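**Q** Pasting the sequence and the predicted model now:
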Amino acid sequence: MPKFLAAGRLKASVDALSDTRAKGALMDFLVVKRTLALKGGTTVPLATGEPAFVRATCELASVHNNPRPSAASEKEYFVPFTVGTDKGGFRKGKWLSNGTGSTIGGTTWANVIGVSTDSPRRAGLVPGYEGHLADLMLKEASRSTSKPSLGELAIWTHRHADIESVIGTESDPIKRGELLQNRLISDLALSPGEISVLFDTPACAIADQDIVPTVADPVEYLAGLLPPTTAATAPAGVDCPLDLVTALAAKPFVILSGASGTGKSRSTLRLAEALQSQYAGSVSGQIFQLVPIGPDWTSPKKLLGYRTPFGRARKGADGSDTNESYEITETLRIILRACHKDSTKVPHFLVFDEMNLSHVERYFAPFLSLMEASSILDDGENAPIVDRQALSVISEILDAEDKESPEAESARLLVERDQPLTLPPNLFYVGTVNVDETTYMFSPKVLDRAHVLEVQAQPPSEYVAGTGAGRTIDLVQANDLLRSAIDDREVRASNSADPTAVVDLLATKHGIDPTELASAKRLTLKALDGCFHLLKPTGFEFGFRVVKEVHDYLHVWIKAQLAMGTSPTDAMKSWTSGLDRALFQKVLPKIHGNRSVLGDGLKALAAFLDGYHADNDPAAQFTLGIDEDIRIEPSDVLGVSPGSFPISTTKLRNMHGRLISRNYTSFIR
């Protein structure tokens, strides 16, 4: 009768192994040891073409006992030593190809593993390696942690195996544990020195209740491997940054500026991770990708890949031999996943870390152009990000890699329908910006096509207390807002000759009083006219796009208030707050220059937004050159009380202060 380890005993083993001094490097070492034992040699190639390496990786880390999982799948391998770290224990399917085989080639491994220059490279233990194992694979000793138990590791390693051949009819729990531990020592060919350095060796008991007739389901003993859930049953209660969600729903491209370490990337990644969990049962693969920008990025190739005639020999779709290939990037993969027929309503995210480390206008040019074109053209196929010919090659390569992956299915369907790859409406783009001597400033072309948010550094006490993070919106509400934006982009709901028309939907579809809405629209146009009038002499006037996107933002802003349970009347009371944010994000970012360019224009603009005109103090008026007097007349005042636009006026006064002290200012710097 088969004998398998019960889920409860396996869970106890995982918990025991995770609470030790072991590092993730210990798993890589064990994979090498098992591969060497299976081959019976002193060196072995650690590559996916080596069956012994594939088997060793599967035995030691596979979640589902699948030796060759989908490379795109998220939780195919598990390393119990890394539970509680940012790795979380789980590894993607591609860990088979870029995990141990890549890790052991690093310089930190040079005292333990030698790697040849052959192709494929061969790995083997170097003389004296046992003296370096502890430094590489164990954390520093403390009173609260110990070395991993060899017996618990034996239990984990046999999670998929019928152990009847190992323990036979043995009834003593301790002796069962000893038999399993001895089998592990034999299977890994562990030396006494390795065992002494790396493990605690008291035998672990395997009681009668720890043995069952069928293999345990990993869901029962791996806490992060939850049963599939759908978006409809996802839990609420997760808070997301309101300003970020609103800006993304209004326009899919958002730039986050602020000092290094203020959490710019973190806020977006947390939103994306929360949505990933919400859609766990309805999508395959990751819905977000962090893209670290390199300082040498001078073309879109790093993002979109490129065709090459020098790839590996393969069979083409027509059966002929070819070396034609395509360098497929992670960015391209997530664009294809967002296009998948089952994911068209699921928000996907590209997060560009330190976006201005290179010239954005060079490497990001296709996105800047095509995001605009796809929202204007009736036929989205006229704005491809990858043409049909290149997509055919991409499809062939993805099919050879994993025909069942969502990106392969998307590419194959597009090729079958003779369509190019376009930017999907459910893909959102967030770029983070640090400003120092190593970075480049954004051009007006870039700033004009994004919402620019500023992430303020908090006092240390607020970081510790978790306060001061700004207004939030519940995850379910955020998801609804983003999905609504996706729907609007699909039908181009705001694509009208009248840039104010989109806010009229608030009256026709969302119960906003038409009279209140008309008054709010007049305030918005008066604010935009005043900003235009004061900025035009400095060269920072704005065009149709800004006017349209300010109204797009206000449309989403009021929808967000309604989604959070605010009544239509109270939601309209926040209109000025939304307009304040819209001006900050769309009008102010392009402003920069010295005193001769700007004069006191920023000070005058702040006064205007506080409800003053040219004859007040402070005056909404300034002089450029000898006699050019730019002023807001009493008939053009906003009719608001001071402090109605606190975000914009504070920023303008700070910029003016830098202008006075440094003779130069900009929105970001």
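**A** Alright, I've got the coordinates.

**Q** residue ranges with poor pLDDT in the stretch 451-600 of the chain?
**A** The stretch 451-600 of the chain contains residues with pLDDT under 70 at 462-469, 491-496.

**Q** rerun at 90
**A** Within the stretch 451-600 of the chain, the set of residues satisfying pLDDT under 90 comprises 455-472, 484, 486-501, 505, 508-510, 543.

**Q** residue boundaries of the strands in it?
**A** Per DSSP state E, counting those that start in this stretch, the stretch 451-600 of the chain carries strands over the ranges 451-454, 472-474, 592-594.

**Q** again with the stretch 101-250 of the chain
**A** For the stretch 101-250 of the chain, strands defined by DSSP E, counting those that start in this stretch occupy the ranges 113-115, 122-125, 211-212, 239-241.

**Q** With respect to Asp402, which of the ones you listed lies nearest?
**A** Asp402 sits nearest to strand 122-125 of all these, at 25.7 Å, using CB to CB. C-betas here are computed from N, CA, C, even on glycine.

**Q** mind exporting that closest one as CSV, just the C-alpha atoms?
**A** Coordinates of each C-alpha in strand 122-125 appear next as CSV, following Å, rounded to 0.1, in the frame of the first residue of the first chain:
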residue,chain,number,x,y,z
ARG,A,122,30.0,22.6,-16.4
ALA,A,123,30.0,23.0,-12.6
GLY,A,124,31.8,21.2,-9.9
LEU,A,125,33.0,21.5,-6.3
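
**Q** before we move on, back to that, which one of the strands of the stretch 101-250 of the chain lies closest to Ala56?
**A** Distance to Ala56, taken as CB to CB, is lowest for strand 122-125 among the strands of the stretch 101-250 of the chain, at 11.9 Å.

**Q** partners of the closest one, with directions?
**A** strand 44-45 (antiparallel), strand 113-115 (antiparallel) (DSSP bridges).

**Q** Would you mark the buried spots in it?
**A** Buried residues in strand 122-125, counted by 16 or more other CB atoms under 10 Å: 122-123, 125.

**Q** can you put the strands paired with strand 122-125 in JSON lines and add mean neighbour count?
**A** Shown next, in JSON lines, are those (neighbours: other CB atoms under 10 Å):
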{"stretch": "strand 44-45", "mean neighbour count": "20"}
{"stretch": "strand 113-115", "mean neighbour count": "19"}
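
**Q** With distance to Phe364 as extra columns, can I get these in CSV?
**A** Listed next are the strands paired with strand 122-125 as CSV, based on distance: least, CB to CB, whole Å:
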stretch, distance to Phe364
strand 44-45, 39
strand 113-115, 37
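
**Q** Identify whichever of the ones you listed lies nearest to His340.
**A** Closest approach to His340 among the strands paired with strand 122-125 (CB to CB): strand 44-45, 34.8 Å.

**Q** residues in contact with that closest one?
**A** For strand 44-45, contacts defined as CB atoms under 8 Å, 6 or more residues apart in numbering pick out 32, 35-36, 50, 52-53, 118, 120-124.

**Q** Same question for stretch 54-69.
**A** Applying CB under 8 Å, 6+ apart, the contact partners of stretch 54-69 are 27, 30-31, 34-35, 38, 48, 75-79, 90-91, 93, 95-96, 99-100, 157, 160, 187, 215, 218, 222, 225.

**Q** related to what we said a few turns ago, could I get the strands paired with strand 122-125 as CSV with distance to Leu150 and mean pLDDT?
**A** CSV is the format used below for the strands paired with strand 122-125 (distance: least, CB to CB, whole Å; pLDDT from 0 to 100):
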stretch, distance to Leu150, mean pLDDT
strand 44-45, 23, 91
strand 113-115, 21, 90
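
**Q** So for Arg337, which of these sits nearest?
**A** strand 44-45 (31.6 Å).

**Q** Can you name the next helix or strand after that closest one?
**A** Sequence order places helix 51-61 as the next helix or strand after strand 44-45, per DSSP states H and E.

**Q** Quick check: buried residues in that following helix?
**A** Buried residues in helix 51-61, counting neighbours by 16+ other CB under 10 Å, are found at 52-54, 56-61.

**Q** which other helices and strands contact the following helix or strand past that helix?
**A** Heading C-terminal from helix 51-61, the first helix or strand you meet, by DSSP H and E, is strand 77-78. In terms of contacts (3 or more CB pairs under 8 Å, 6 or more residues apart in numbering; DSSP states H and E), strand 77-78 is packed against helix 51-61, strand 90-91.

**Q** Kindly report which one of these carries the lowest mean pLDDT.
**A** Ranked by mean pLDDT, the helices and strands packed on strand 77-78 end with strand 90-91 at the bottom, a mean of 88.

**Q** those helices in the stretch 51-200 of the chain, which residues are they?
**A** Assigned by DSSP state H, counting those that start in this stretch, the helices in the stretch 51-200 of the chain fall at 51-61, 95-98, 100-103, 133-137, 150-157, 164-167, 173-188, 192-198.

**Q** From Leu198, how far off is Arg21?
**A** Distance of Arg21 to Leu198, computed by CB to CB, to the nearest Å: 9 Å.

**Q** so what's in contact with those two at the same time?
**A** Counting by CB under 8 Å, 6+ apart, the contacts common to Arg21 and Leu198 are 138, 147-148.

**Q** now, which of those sits nearest Gly258?
**A** Distance to Gly258 across those (CB to CB) is lowest for Leu138, with 38.3 Å.

**Q** Next up, the contacts around the residue nearest to the closest one when sequence neighbours are not counted.
**A** Closest residue to Leu138 apart from its sequence neighbours, by CB to CB, 6 or more residues apart in numbering: Arg21 at 4.5 Å. Applying CB under 8 Å, 6+ apart, we find Arg21 in contact with 138-141, 145-148.

**Q** how does it look with 7 Å?
**A** Arg21 is in contact with 138-139, 141, 145-147, counting by CB atoms under 7 Å, 6 or more residues apart in numbering.

**Q** which among those end up buried?
**A** Among the contacts of Arg21, the ones that count as buried by 16+ other CB under 10 Å are 138, 147.

**Q** Quick one: the contacts of Arg21 as CSV, columns for pLDDT too.
**A** Formatted as CSV, the contacts of Arg21 follow (pLDDT from 0 to 100):
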residue, pLDDT
Leu138, 90
Lys139, 83
Ala141, 70
Thr145, 71
Ser146, 89
Lys147, 93
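
**Q** Quickly list the domain ranges of the protein.
**A** The record assigns the chain these domain ranges, following automatic domain parsing: 4-220, 252-465, 496-666.

**Q** ok so, going back, tell me which of the strands of the stretch 101-250 of the chain sits nearest to Asp498.
**A** That would be strand 239-241 among the strands of the stretch 101-250 of the chain, by CB to CB, at 31.0 Å.

**Q** Show the average pLDDT along that closest one.
**A** Strand 239-241 comes out with an average pLDDT of 88.

**Q** State the paired neighbours of it in the sheet, together with their directions.
**A** Neighbouring strands of strand 239-241 in its sheet, by DSSP bridges, are strand 472-474 (antiparallel).

**Q** Next one: Gly281 from Thr201, what distance?
**A** Noted for Gly281: a distance of 42 Å to Thr201, by CB to CB.

**Q** can you check Val415 too?
**A** Taken as CB to CB, the span from Val415 to Thr201 is 57 Å.

**Q** if we can go back for a sec, closest one to Ile558 among the strands paired with strand 122-125?
**A** Using CB to CB, the strands paired with strand 122-125 put strand 113-115 closest to Ile558, at 60.3 Å.

**Q** Make TSV out of the shared contacts of Arg21 and Leu198 and add distance to Ser325.
**A** Listed next are the shared contacts of Arg21 and Leu198 as TSV, based on distance: CB to CB, whole Å:
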residue	distance to Ser325
Leu138	42
Lys147	46
Pro148	42
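
**Q** And the buried residues of helix 51-61, which is closest to Ala390?
**A** Using CB to CB, Val54 comes nearest to Ala390 of the buried residues of helix 51-61, at 31.6 Å.
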